[in-house]
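> Predicted model, plus sequence, below.
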Amino acid sequence: MKVLLLEDEFLLSRSIRTYLLNSGYFVDHYDNGKDVLDIIKTTRHDFYILDINTPLVGGLECLKEIAKLYPEAPKIVISAYHDIEYITEAYSFGCSDYLKKPFNLKELEIRIDHLTSKVPVALDAIIDPIIKLSKHYKFNKETNLLYCDDVVQKFTKRENALIILFVSNLGQIISDENIRSFIWNGEYAEDATIRSLVNRVRHKLKEELIENIRGFGYIMNKKSHD
């Protein structure tokens, strides 16, 4: 699931991103509302977490625009404010839930799970934690482990994080920047380093699960396993 996070406090944003990434979410982080208004015109996310008080453009203005474009997507507003006027305004603009700082990251995850459970999804996707990727490969969403013919495959921490990223975004092109954001937490990593990581994972796989889309990035698709 793709989450958009608008938060300008560095430590808090990093904590939220790290926690959600470790829980299997893909997080796009922005520290100002202007960038959010630009990105939502072309990119849809499954969930939105918005701080009210952010530079250039505030979170409430972003909330209004997101609600117009993606009314069905859940949206949580976070803020140090506890003024009833802010809360009322947030809900009137399409907020799904309101969380006051400081908060426990587990509470944030619980609220996300609660809100996303209301979004219609295939019943088997809820019940079955196993994603069948091919005749030989399957991925367990609960343990974040990849299996080949029921044998757990061994990867380094970054290699396993890359697999989680691809499995969480099956059928979607993953760019170098997506990988950099997910694996290196937004810190700079050379393009060659990213390519090396992807190639190591591809070489360890016994099937061609990850395809190189020249000029765009990489994609993982399910293979026929009839």
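The structure has been received and is ready for your questions.
> how does this protein divide up, domain by domain?
Structural domains annotated on the chain: 2-116, 124-220, as defined by automatic domain parsing.
> And the next helix or strand past the lowest-mean-pLDDT helix or strand in the chain?
None of the helices or strands of the chain scores lower by mean pLDDT, DSSP states H and E than helix 123-127, at a mean of 42. Per DSSP states H and E, the first helix or strand lying C-terminal to helix 123-127 is strand 130-132.
> most tightly surrounded among the domains of the chain?
domain 2-116 (a mean of 17; mean count of other C-beta atoms under 10 Å). All C-beta spots, glycine's among them, are computed from the backbone N, C-alpha and C.
> per-residue confidence at the residue positioned nearest the centre of the chain?
The residue lying closest to the centre of the chain (C-alpha atoms, centre = their mean) is residue 26, at 1.8 Å. We have a pLDDT of 87 for residue 26.
> Is it bridged to anything, and to what?
Beta-bridge partners recorded for residue 26 (DSSP bridges): residue 2.
> Can you give me the distance of it to residue 57?
Applying C-beta to C-beta, to the nearest Å, the value for residue 26 to residue 57 is 23 Å.
> Equivalent analysis for residue 44, please.
19 Å.
> so what strands line up beside the helix or strand harbouring residue 48?
Residue 48 is part of strand 47-51, with elements assigned from DSSP H and E. Paired strands of strand 47-51, with direction, are strand 2-6 (parallel), strand 75-79 (parallel) (DSSP bridges).
> need those in CSV with mean pLDDT and distance to residue 181, can you?
Listed next are the strands paired with strand 47-51 as CSV, based on pLDDT from 0 to 100; distance: least, C-beta to C-beta, whole Å:
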stretch, mean pLDDT, distance to residue 181
strand 2-6, 94, 11
strand 75-79, 91, 20
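> Which among these is found nearest to residue 155?
Across those, residue 155 has its closest neighbour in strand 2-6 (22.8 Å, C-beta to C-beta).
> Which SSE is immediately downstream of the closest one?
Sequence-wise, the next helix or strand downstream of strand 2-6 (DSSP H and E) is helix 10-22.
> what about the helices in this structure?
For the chain, the helices defined by DSSP state H cover 10-22, 33-39, 59-69, 84-92, 105-116, 123-127, 157-168, 176-183, 191-204.
> For the closest residue to residue 216 other than its chain neighbours, give me its contacts.
Spatial nearest neighbour of residue 216, chain neighbours left out: residue 173 (5.2 Å); criterion: C-beta to C-beta, 6 or more residues apart in numbering. Applying C-beta atoms under 8 Å, 6 or more residues apart in numbering to residue 173 gives the contacts 213, 216-219.
> now, which of the residues you listed sits nearest residue 87?
residue 217 (40.1 Å).
> can you tell me how far the closest one sits from residue 151?
In terms of C-beta to C-beta, residue 217 sits 29 Å off from residue 151.
> Over to residue 18?
To residue 151, residue 18 is 30 Å away according to C-beta to C-beta.
> what's the answer for residue 24, then?
Distance of residue 24 to residue 151, given as C-beta to C-beta: 22 Å.
> Over to residue 37?
Residue 37 is 48 Å from residue 151, by C-beta to C-beta.
> contacting residues around the residue lying closest to residue 209 once chain neighbours are set aside?
In space, and not counting its chain neighbours, residue 209 is closest to residue 220: 5.6 Å by C-beta to C-beta, 6+ apart. Residues near residue 220 by C-beta under 8 Å, 6+ apart: 133, 166-167, 169-171, 174, 209-211.
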